[in-house]
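Colleague: predicted coordinates and the sequence they were generated for:
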Amino acid sequence: MGLKWDQAEEIAEVLAENHPGLDPLHVRFVDLRQWIIDLDEFGDDKAGSSEGKLEAIQMAWKELYDESESAD
């Protein structure tokens, strides 16, 4: 089955695990899209991304990043 573009929180969790300590606001959308497509857990149409979906994923990842930074 795999992760879909609209599963922002789930994708963000995997990205946070794969890129610990990286502020997602420093990641270009081009790179973010490629990282998502390259995930073993990803199972959606590669062409199905949009700026809105990438932004939702980035913001979900940012929430996780902020939580981890405040816990340190």
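Modeller: Everything's here; your move. Residues are numbered from 1 along each chain as shown.

Colleague: going by C-alpha atoms from here, please, whenever you check contacts or count neighbours.
Modeller: Fine.

Colleague: leaving out the residues flanking it, which one is nearest to the residue minimising distance to the centre of the chain?
Modeller: Geometric centre of the chain, nearest residue: A12, 3.8 Å, by Cα atoms, centre = their mean. Spatial nearest neighbour of A12, excluding adjacent residues (Cα to Cα, 6 or more residues apart in numbering): W61 at 4.5 Å.

Colleague: so for the stretch of helix or strand that neighbour belongs to, what gets flagged as buried?
Modeller: Using DSSP states H and E, W61 sits in helix 51-71. Using 16 or more other Cα atoms under 10 Å as the test for burial, helix 51-71 gives 53-54, 56-62, 64-65.

Colleague: now, which of those residues sits nearest L39?
Modeller: Nearest to L39 out of these is I57 (Cα to Cα; 13.7 Å).

Colleague: my read: the closest one touches E13, true?
Modeller: No. If you go by Cα atoms under 8 Å, I57 and E13 don't touch, sitting 9.5 Å apart.

Colleague: and the helix or strand that contains the residue nearest to the centre of the chain, average pLDDT?
Modeller: Assigned by DSSP H and E, A12 belongs to helix 8-18. Averaged over helix 8-18, pLDDT sits at 98.

Colleague: next SSE downstream of it?
Modeller: Proceeding N to C from helix 8-18, the next assigned helix or strand is helix 29-38, under DSSP H and E.

Colleague: and that following helix, what's buried?
Modeller: Of the residues in helix 29-38, 29, 32-33, 36-37 count as buried by neighbour count, 16+ other Cα under 10 Å.

Colleague: same thing with stretch 12-25?
Modeller: 12-13, 15-16, 23-24.
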